[in-house]
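> output the structure for:
(one chain, ligands or ions: 3)
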Amino acid sequence: MRLKIAVLAGDGIGPEVTREATNILRAVAELGGHDFIFTEGLIGGIAITETGSPLPTATLDTALDSDAVLMGAVGDNKFNALTPDKRPEAGLLQIRQALGGFANLRPSVAYAALSESSPLRPEVTKDVDILFVRELLGGLYFGAPRWWNRETGESINTMRYTKSEVTRVARIAFDLASKRRRKVTSVDKANVLEVSQLWRATVTEVAKDYPDVTLEHQLVDSMAMHIMNTPRNFDVVLTENLFGDILSDEAGVITGSLGMLPSATIGGAVNLYEPVHGSAPDIAGTGKANPLGAILTAAMILRHSANLETDAKAVEEAVHKVLNEGYRTADIARGGPSITTQEMGKLVHQALAESIDQRQALHAV
Ligand SMILES: NC(=O)c1ccc[n+]([C@@H]2O[C@H](COP(=O)([O-])OP(=O)(O)OC[C@H]3O[C@@H](n4cnc5c(N)ncnc54)[C@H](O)[C@@H]3O)[C@@H](O)[C@H]2O)c1
Ligand SMILES: CC(C)[C@H](C(=O)O)[C@@H](O)C(=O)O
Ligand SMILES: [Mg+2]
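Residues are numbered from 1 along each chain as shown. Ligands and ions are numbered 1, 2, ... in the order given. From the prediction side, this is the model:
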């Protein structure tokens with residue numbers, strides 16, 4: 001298997017966690033005899049500092065020429081005074097648009113070993129397995145007009161969706177739900193927003209093609225509460241760009257930390273993979289970053305871009321094993337003993353190598 005992977009580590013803890021994720025991918029390639037080719041590119045604040053642009057042309061070319069793009073995180077407080085179109089985050093939005101993936105898959109899985117890391121009660125988080133399908137190319141992030149007039153003290157952003165944009169992401173959500181527990185919860189604000197009324201009507205229409213999948217609609221405000229109270233009630237959660245951004249971070253509480261959440265964006269020319277968390281300037285450079293979200297993101301590359309499902313599962317099981325053995329980075333340690341980003345990466349690497357060795361030994365018999 002040959003796979004060209006563009007690695008855009010970005011800012012803050014981005015490079016720290018991405019290093020551990022690429023180590024895992026290198027191990028899978030080496031142990032399985034695959035040819036993974038990594039090409040690094042600049043994005044975000046570091047790219048502004050070095051080239052003046054948050055998404056240099058060279059990075060975009062590398063990304064478009066790859067089979068998968070692995071992103072770390074962008075964002076640096078020193079650019080906070082810039083307008084959104086010039087900030088590090090603009091690089092991320094530009095690359096999302098250029099790669100064309102519109103369905104951002106954000107799994108939120110409760111790990112039994114981490115039941116004490118979540119502030120929620122263990123009986124609430126037990127067995128939770130939610131897959132957020134966040135629309136990634138529409139809504140307030142990309143709608144025009146958008147501006148801030150400092151003289152008049154007025155500003156505007158536009159939430160806009162077309163029926164076809166909603167249909168294509170809804171189909172992905174229903175296809176995924178068909179292979180899971182056959183339930184889609186579509187989240188909107190149809191009691192206030194016309195855009196949400198279009199969303200709800202379109203999702204209801206798409207649902208007719210999936211008679212085996214149950215569809216329910218939830219308003220986003222009460223959904224924010226339900227996710228905390230009864231997270232086990234949800235299977236696939238389908239929602240628009242901004243609501244999905246907010247709800248998926250909230251779901252980090254179920255898992256125990258934002259640092260545990262991976263994501264994959266599919267449906268475009270090249271799939272984009274990024275942990276859900278940001279550049280975490282408050283802990284950058286301290287060795288406290290949890291690399292598991294990035295490592296689980298690497299597993300999603302194996303699943304969605306390399307068709308190596310067995311290896312994807314092996315990475316996920318290696319993460320389970322290390323957590324079951326009691327190892328914790330600071331964010332999930334609840335004040336107890338913790339290990340560094342690199343130590344956590346090494347332990348997952350070891351557990352993975354052992355399981356791949358065992359599998360190969362079994363095949364050899
Ligand atoms: N995909 C991305 O590149 C992305 C995503 C979200 C935020 N951002 C950017 O990141 C910057 C900081 O934003 P923020 O502070 O709101 O969100 P953040 O996700 O960076 O951090 C939120 C909190 O979670 C903690 N945290 C995040 N990831 C962690 C990890 N892997 N291990 C341990 N703890 C972790 C941080 O220390 C912080 O306390 C901003 O510039 C924002 O725009 C980028
Ligand atoms: C940094 C920002 C543009 C981004 C988003 O809002 O999509 C981030 O919060 C995320 O969740 O990936
Ligand atoms: Mg976010």
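> where does the closest residue to ligand 2 within the stretch 101-250 of the chain land on pLDDT?
Relative to ligand 2, the nearest point of the stretch 101-250 of the chain is Asp245 (4.3 Å; Cβ to the nearest ligand atom). From N, CA and C alone the C-beta is placed, and that goes for glycine too. Looking at Asp245, its pLDDT is 98.
> so Leu302: helix, strand or coil?
helix (DSSP: H, G, I helix; E, B strand; the rest coil).
> can you check the one 4 residues further on too?
Following three-state DSSP, Ala306 is assigned to coil.
> ok, now Val184?
Here Val184 is strand, with the state taken from three-state DSSP.
> near ligand 2, which residues of the stretch 151-300 of the chain?
Residues of the stretch 151-300 of the chain lying near ligand 2 by Cβ under 6 Å from any ligand atom: 245, 276, 278.
> quick one: contacts for His217?
By Cβ atoms under 8 Å, 6 or more residues apart in numbering, His217 lies in contact with 185-188, 190, 200, 203-204.
> quick revisit: by neighbours, which of the residues of the stretch 151-300 of the chain next to ligand 2 wins?
For those, the largest neighbour count, defined by other Cβ atoms under 10 Å, is 25 neighbours, found at Val276.
> mind listing what that residue touches?
Val276 neighbours (Cβ under 8 Å, 6+ apart): 106, 248-249, 252, 258, 261-263, 293.
> now Arg359
By Cβ under 8 Å, 6+ apart, the contact list for Arg359 reads 310, 314.
> next, find the distance separating it from Ser305.
Separation of Arg359 from Ser305 (Cβ to Cβ, to the nearest Å): 21 Å.
> same thing with Val203?
In terms of Cβ to Cβ, Val203 sits 27 Å off from Ser305.
> what's the answer for Asp311, then?
Distance of Asp311 to Ser305, given as Cβ to Cβ: 12 Å.
> then Glu274?
Glu274 is 13 Å from Ser305, where distance means Cβ to Cβ.
> looking at the residues of the stretch 151-300 of the chain next to ligand 2, which are in helices?
Among those, the ones falling in helices (DSSP state H) are Asp245.
> how about the longest helix along the chain: buried residues?
Assignment by DSSP H gives helix 341-364 as the longest helix of the chain. For helix 341-364, a neighbour-count test (16 or more other Cβ atoms under 10 Å) marks 341, 344-349, 351-353, 355-356 as buried.
> turn these into JSON lines, including distance to ligand 1 and pLDDT.
Output for the buried residues of helix 341-364, formatted as JSON lines (distance: Cβ to the nearest ligand atom, whole Å; pLDDT from 0 to 100):
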{"residue": "Thr341", "distance to ligand 1": "8", "pLDDT": "98"}
{"residue": "Met344", "distance to ligand 1": "10", "pLDDT": "98"}
{"residue": "Gly345", "distance to ligand 1": "12", "pLDDT": "98"}
{"residue": "Lys346", "distance to ligand 1": "16", "pLDDT": "98"}
{"residue": "Leu347", "distance to ligand 1": "16", "pLDDT": "98"}
{"residue": "Val348", "distance to ligand 1": "14", "pLDDT": "98"}
{"residue": "His349", "distance to ligand 1": "17", "pLDDT": "97"}
{"residue": "Ala351", "distance to ligand 1": "19", "pLDDT": "97"}
{"residue": "Leu352", "distance to ligand 1": "19", "pLDDT": "97"}
{"residue": "Ala353", "distance to ligand 1": "23", "pLDDT": "94"}
{"residue": "Ser355", "distance to ligand 1": "24", "pLDDT": "90"}
{"residue": "Ile356", "distance to ligand 1": "25", "pLDDT": "88"}
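> tell me the one of the residues you listed nearest ligand 2?
Among those, and counting by Cβ to the nearest ligand atom, the member closest to ligand 2 is Thr341, at 19.9 Å.
> which parts of the stretch 51-200 of the chain sit against ligand 1?
When proximity is defined as Cβ under 6 Å from any ligand atom, the stretch 51-200 of the chain approaches ligand 1 at 73-75, 89, 92.
> could you rerun that using 8 Å?
Remark: the part of the stretch 51-200 of the chain in contact with ligand 1 comprises 71-77, 80, 87-89, 92, using Cβ under 8 Å from any ligand atom.
> max pairwise distance over those: which two?
Met71 and Asn80 (20.6 Å; Cβ to Cβ).
> out of the two, which sits in the busier spot?
Met71 (28 against 9).
> that one reaches His277, doesn't it?
No: applying Cβ atoms under 8 Å as the test, Met71 and His277 come out as separate, 11.3 Å apart.
> which pLDDT does the model give the residue nearest in space to the middle of the chain?
The C-alpha lying nearest the average C-alpha coordinate of the chain belongs to Ser263 (Cα atoms, centre = their mean; 2.2 Å). Per-residue confidence for Ser263 comes out at a pLDDT of 98.
> go on, Ala364?
The score at Ala364 is 79. That number is its pLDDT.
> Leu120 too?
Looking at Leu120, its pLDDT stands at 93.
> next: the one 10 residues further on.
pLDDT recorded at Ile130 is 98.
> please name the bridge partners of it.
With DSSP bridges applied, Ile130 shows beta-bridge pairing to Ser108.
> residue contacts, it?
Contacts of Ile130 (Cβ under 8 Å, 6+ apart): 107-109, 227, 231, 234-237, 251, 254.
> how about 10 Å then?
106-110, 185, 227, 231-237, 247-248, 251, 254-255 (Cβ atoms under 10 Å, 6 or more residues apart in numbering).
> what's the overlap in contacts for Met71 and His277?
With Cβ under 10 Å, 6+ apart as the test, Met71 and His277 both reach 14, 263, 294.
> I'd guessed the second one sits against Leu70; true?
Read that as Ser263. No: using Cβ atoms under 10 Å, Ser263 is not in contact with Leu70; the gap is 11.2 Å.
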